[in-house]
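Undergrad: Structure for the following, please:
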Amino acid sequence: MLNLVDAEAVSTGFSEIISNTKAAFPQAKIEGVYIQPMLPAGQEVILGAIQDAQFGSLVMFGLGGVEVEGLKDVTFSLAPLTLQDAEWMLENTWAGHRLHGFRNLPPADRQAVLEALMLLGQLSADFPQLAEIEINPLRVFPASHGTAALDVRMRLV
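TA: Residues are numbered from 1 along each chain as shown. Below you'll find the predicted structure:
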């Protein structure tokens, strides 16, 4: 449930979730629900890494959310990444250019994205059993406010 603005809305939402779950799965043992704050708006990018049979660890960056499928705004680089590699990935995608700010989009925390890319590249290089990982979307907040992974999918071999 999204946009629960006060304690009463959270309580009502909790009751609704429990009621719906009991109706759909009467045998379920419900131990609770997970509640987290709504995140502020930001730009969405995709980060990922795969183990390629020919090249080894590859890191991906591009436009995130549902736009990645339609616009195919992605770039790849060999892992582990240097800062120059990560910068190149950002500068060679529309997603990276948007992080500087564009029309109604304020500048986003580009430094946090660079750090996330380099850490993901190092993770992929250090653990070849991580066959693939995708963070989509990675929400990028305004400058100096960091990022948050909203959805992460991994596959191990």
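Undergrad: Work out for me the element the residue nearest in space to the middle of the chain sits within.
TA: The chain has L138 as the residue nearest its centroid, 2.6 Å off, counting by C-alpha atoms, centre = their mean. For L138, the element it lies in under DSSP states H and E is strand 130-140.
Undergrad: how distant is the helix or strand following that strand from the center of its chain?
TA: Using DSSP H and E, the helix or strand that follows strand 130-140 towards the C-terminus is strand 147-149. Distance of strand 147-149 from its chain centroid, counting by C-alpha atoms, centre = their mean, to the nearest Å, is 6 Å.
Undergrad: Can you spell out which helices and strands pack onto strand 147-149?
TA: helix 110-126, strand 130-140 (3 or more C-beta pairs under 8 Å, 6 or more residues apart in numbering; DSSP states H and E). For every residue, glycine as well, the C-beta is placed using N, CA and C.
Undergrad: who wins for proximity to D6 among these?
TA: Closest to D6 of those is strand 130-140 (C-beta to C-beta; 23.5 Å).
Undergrad: Verify the contact between L150 and P137 for me.
TA: Yes. The criterion here is C-beta atoms under 8 Å, and L150 meets it with P137 at 5.2 Å.
Undergrad: Between these two, which is the more surrounded one?
TA: Per other C-beta atoms under 10 Å, whichever of L150 and P137 has more neighbours is P137, with 22 against 15.
Undergrad: quick one: contacts for the more buried one?
TA: Counting by C-beta atoms under 8 Å, 6 or more residues apart in numbering, P137 touches 44-46, 64-65, 150-151.
Undergrad: now do S144
TA: Residues in contact with S144 (C-beta under 8 Å, 6+ apart) are 109, 111.
Undergrad: For it, what are phi and psi?
TA: S144 adopts backbone torsions of phi 70, psi 20, taken as degrees, to the nearest 10.
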